[in-house]
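1. The sequence and its predicted three-dimensional model are supplied below.
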Amino acid sequence: EVQLMESGGGLVQAGGSLRLSCVGSGFPFAEYAVAWFRQVPGKAREGVACIDGLHQTYYLDSVEGRFTISSDIAKRTAYLHMSNLKPEDAAVYYCAANRIDEIMGGQELHPPIYDYWGQGIQVAVSS
């Protein structure tokens, strides 16, 4: 059974930093791309960052330069380091994964591409 478990969320002041972790199990981690998405009530889920098996990364324009996605294959864990957080970054953050060969170029941050999802974790940013 594929499972993704997020951790590391919480409340942070604007300008602060947080690191989210996503531990995967039940699938060959090295053969999967892992992405982070976020969602606020009333809005569509949006892709934030993605990392593939070659450690190639993709970012939402509004987080480029502030967020960094990385992965540790041995630990089966993907990370999202978020710095200089803004109130508009507050959301429920989800980790998602799918086989690298099922993700077509340009679709790395598209939610429908991903088959496996974590439960989500809250990130709140106070101004």
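-> Cool, the structure landed.
2. C-alpha only now, for contacts and for neighbours.
-> Will do.
3. can you pull the contacts of the closest residue to residue 57 other than its chain neighbours?
-> Using C-alpha to C-alpha, 6 or more residues apart in numbering and skipping the chain neighbours, the partner closest in space to residue 57 is residue 51 (4.5 Å). Going by C-alpha atoms under 8 Å, 6 or more residues apart in numbering, residue 51 touches 33, 34, 35, 57, 58, 69, 70, 71.
4. rerun that using 10 Å as the cut-off
-> 32-36, 57-59, 68-71, 78-79, 97, 100, 108 (C-alpha atoms under 10 Å, 6 or more residues apart in numbering).
5. Pop out the phi and psi values for the residue nearest the centre of the chain.
-> Among the residues of the chain, the one closest to the centroid is residue 36, at 1.6 Å (C-alpha atoms, centre = their mean). Backbone torsions of residue 36, given as degrees, to the nearest 10, read phi -110, psi 140.
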